[in-house]
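Chemist: Sequence first, predicted model second:
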Amino acid sequence: MLLAFIQLYYGCCIFIAAGFYFFGPQNFNPLVNSTFAFAGIVAYLFSILAVRKILGYYNWFGFFSLFSISFLICGLQYPFQSLFIDDIGNSDFLWGNYLSVGQSTGLYLVAFLTFIIGYLSGLKKGLFELPERLSESNTYNVDKLITIGTVSSWLLFILFIGLVGSSFLSGAYDGMKNWGAGSTYVFLLLQILSYVSFSLDVYRLRNLGKRLGMTSFILQLNKLLLLLFVVLILVNIYVGERGVVVQIITLIVGSFYFHFRKASFTTFLTLACVGALIMTALSFYRTRDATASLDDRIFNASVGMVDLKWYSITADLAASCRINAAAIQYFRDDPKLGATMVTQLASAAPFMPGLLLKTAPYTGIEGNSSFIFTQLLNPVSVRTGNQTGAGSTPFGDVYLNFGCIGIFIFFPILGIFMSKIEIRAKYTTCLYNHVQNGIILTWALYWPRAVFFAPLRFLIWGLLLTYLAVVISRRK
């Protein structure tokens, strides 16, 4: 009865929101925006009840929870607050140049609801398939796999430090523009291999069948791998790079609560607030000026945090709503038909995206949507000559390429795919399922702020590196 009611609610919301996209007025209306956003919040609360009904529990640190909350923030936080907070409702930066905010908020709600529907249906089907999957066995030497991954990760880190250059090591933040030649691919391999190694280590602990607390969990992890994570966190904090820090912490905390403990909502809320404050402080701390001292950067962060308004803690995510509006305004009648997704799909092959872009005059292939949105939304600064990246969103990326129909196709499939990864990692002993789940966890918070296929390269390379380690470990 509960699931039937929830499905009815989702169906009604989709019908109304999709109808508004096709027939609603184009002007910015805070009441309409906040109504759609509120409906999204209620939909998420209902999804918690539905997951509890299906699984018997709800994992606050699982992919679904983290991704859903981040997805809500990226597209619906500011539309919701626009009715109540004048600084947001009257912001020209967010709404001033777009006539399609109402449509984008409504269709974004549709994307979220179809993702949830796909996820819930995938859960039910995945549980039905479990009896045959529980019989899977493995013959892996997990300790040897972890050793191979950890030692290789340290070697990659040393190589990265040698390649990246003095500008990065001086503490200047410039995305990856100030990195030395070759260091980007080395760091990518380092990230993926270290995440795979950690997932294997958690797999080892999980198979012991012990009920661990957080302290005992940390103490039983591979010490060299844990030390590498600490070093990576400190280096990235020093230069003001938040992405890797978020990924590592999400992987550690998420893996613990996924396999060994059930987190309460209070625990989740506390860690989320502390994490958001730290990430916001880092955004004030980082600088492009390589001559800035550590004291200067700490002072800038302190001043920024003192002047911070409470609703700006999640500003980096929440401002993504302008990308969603821009996607509809500029590409409603002129979708790219997949032209910007080809390079995303090809990213699993090293150097392939660059080679494909060289064929652009003949094939029409374009760079990913984050580049397009940056050109549309963030002009080059006249004073500094710099251009801040606008980023992208899965919604904006799909809509830019395939319009409204793409939303109804891609997001349910995404929900089904993610549910299968979580179910198999939770209830089977297949090593590769656990590697997939660990990699997906690292993307749970940032994926709603990236292109649709952002984790694809991590997933494919992660599985290939795992297979390569298995082959090496079986050699006598």
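Modeler: Cool, got the structure.
Chemist: And the longest helix belonging to the chain, what's buried?
Modeler: Longest helix in the chain by number of residues (criterion: DSSP state H): helix 394-427. Neighbour-count burial for helix 394-427, with 16 or more other C-beta atoms under 10 Å as criterion, is recorded at 394-404, 406-408, 410-412, 414-416, 418-426. For the C-beta atoms, the positions are set from N, CA and C on the backbone; glycine is no exception.
Chemist: Then stretch 3-17?
Modeler: Neighbour counts over stretch 3-17 (16+ other C-beta under 10 Å) mark 6, 10, 13-14, 16-17 as buried.
Chemist: which one of those is nearest L226?
Modeler: I6 (41.0 Å; C-beta to C-beta).
Chemist: wait, is the closest one part of a strand?
Modeler: No. According to DSSP: H, G, I helix; E, B strand; the rest coil, I6 belongs to no strand; its state is helix.
Chemist: Could you list the domains of this protein?
Modeler: When the chain is parsed with automatic domain parsing, its domains come out as 2-132, 143-317+419-452.
Chemist: Tell me how far Q247 lies from I440.
Modeler: Going from Q247 to I440 by C-beta to C-beta, to the nearest Å gives 11 Å.
Chemist: residue ranges with poor pLDDT in the stretch 51-200 of the chain?
Modeler: The model of the stretch 51-200 of the chain has pLDDT under 70 over residues 86-99, 126-139, 165-181.
Chemist: repeat that for 50
Modeler: 131, 133-137 (pLDDT under 50).
Chemist: Stretch 211-221: how far from the chain's middle?
Modeler: Averaging C-alpha positions (C-alpha atoms, centre = their mean, to the nearest Å) puts stretch 211-221 26 Å from its chain's average.
Chemist: repeat for stretch 325-343
Modeler: Per C-alpha atoms, centre = their mean, the centroid offset for stretch 325-343 relative to its chain is 21 Å.
Chemist: For that stretch, buried residues please.
Modeler: For stretch 325-343, the neighbour count (16+ other C-beta under 10 Å) marks 325-331, 335-336, 338-343 as buried.
Chemist: what's in contact with that stretch?
Modeler: 95, 98-101, 103-104, 107, 352-353, 356-357, 364-369, 372-373, 376-377, 395-397, 399-403, 406, 451-453 (C-beta atoms under 8 Å, 6 or more residues apart in numbering).
Chemist: re the thing from before, take the domains of the chain and write them to JSON lines, including distance to L468.
Modeler: Conversion of the domains of the chain to JSON lines gives the following (distance: least, C-beta to C-beta, whole Å):
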{"stretch": "domain 2-132", "distance to L468": "25"}
{"stretch": "domain 143-317+419-452", "distance to L468": "9"}
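Chemist: Which one, of the ones you listed, ends up nearest to A390?
Modeler: domain 143-317+419-452 (10.5 Å).
Chemist: That closest one: end-to-end distance?
Modeler: Across its full length, domain 143-317+419-452 reaches 34 Å end to end, with C-alpha to C-alpha, to the nearest Å as the criterion.
Chemist: Stretch 443-453 now?
Modeler: Start-to-end span of stretch 443-453 (C-alpha to C-alpha) is 11 Å.
Chemist: pLDDT averaged over it - what is it?
Modeler: Averaged across stretch 443-453, pLDDT comes to 92.
Chemist: re earlier: measure how far the longest helix of the chain is from the centre of its chain, please.
Modeler: 13 Å.
Chemist: And the average pLDDT for that helix is what?
Modeler: 92.
Chemist: picking up where we left off before, restricted to helices, list the contacts of stretch 325-343.
Modeler: Using DSSP H, the contacts of stretch 325-343 in helices are 101, 103-104, 107, 352-353, 356-357, 369, 372-373, 376-377, 395-397, 399-403, 406.
Chemist: follow-up on the earlier one: now the buried members of the contacts of stretch 325-343.
Modeler: For the contacts of stretch 325-343, buried by 16+ other C-beta under 10 Å: 95, 98, 100-101, 103-104, 107, 353, 356, 365-369, 372-373, 376-377, 395-397, 399-403, 406, 451-453.
Chemist: Wait, a helix at I148?
Modeler: Yes. Counting by three-state DSSP, one finds I148 located in a helix.
Chemist: Report the contact partners of it.
Modeler: By C-beta under 8 Å, 6+ apart, the residues touching I148 are 469, 472-473.
Chemist: Neighbour count, secondary structure and pLDDT added to these, as a markdown table?
Modeler: Below are the contacts of I148 laid out as a markdown table (neighbours: other C-beta atoms under 10 Å; DSSP: H, G, I helix; E, B strand; the rest coil; pLDDT from 0 to 100):
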| residue | neighbour count | secondary structure | pLDDT |
| --- | --- | --- | --- |
| A469 | 23 | helix | 89 |
| I472 | 12 | helix | 85 |
| S473 | 16 | helix | 80 |
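Chemist: Tell me the one among those residues nearest to N433.
Modeler: Closest approach between the contacts of I148 and N433, by C-beta to C-beta: A469, at 15.9 Å.
Chemist: residues of the host helix or strand of V231 that come out buried?
Modeler: Using DSSP states H and E, V231 sits within helix 223-239. For helix 223-239, a neighbour-count test (16+ other C-beta under 10 Å) marks 225-226, 228-229, 232, 235-239 as buried.
Chemist: pLDDT averaged over that helix - what is it?
Modeler: Here helix 223-239 scores 90 as its mean pLDDT.
Chemist: for whatever helix or strand comes next after that helix, packing partners?
Modeler: Counting by DSSP H and E, the element after helix 223-239 in chain order, helix or strand, is helix 243-259. For helix 243-259, the contact count by 3 or more C-beta pairs under 8 Å, 6 or more residues apart in numbering; DSSP states H and E identifies helix 63-81, helix 183-207, helix 214-219, helix 223-239, helix 265-285, helix 394-427, helix 431-443 as packing neighbours.
Chemist: Contacts for the third one next, please.
Modeler: Here helix 214-219 makes contact (C-beta under 8 Å, 6+ apart) with 205, 226, 252, 256, 260-261.
Chemist: and the two most separated of the residues you listed?
Modeler: L226 and R261 (18.6 Å).
Chemist: circling back: list the ones among the buried residues of stretch 325-343 that fall in helices.
Modeler: Per DSSP H, those map to helices at 325-331, 342-343.
Chemist: so who does F265 touch?
Modeler: Neighbouring residues of F265 by C-beta under 8 Å, 6+ apart: W60.
Chemist: ok, it to L337 distance?
Modeler: Distance of F265 to L337, given as C-beta to C-beta: 43 Å.
Chemist: same thing with S320?
Modeler: The separation that S320 has from L337, given C-beta to C-beta, amounts to 23 Å.
Chemist: try K426
Modeler: K426 sits 38 Å away from L337, going by C-beta to C-beta.
Chemist: next one: R474
Modeler: R474 is 45 Å from L337, by C-beta to C-beta.
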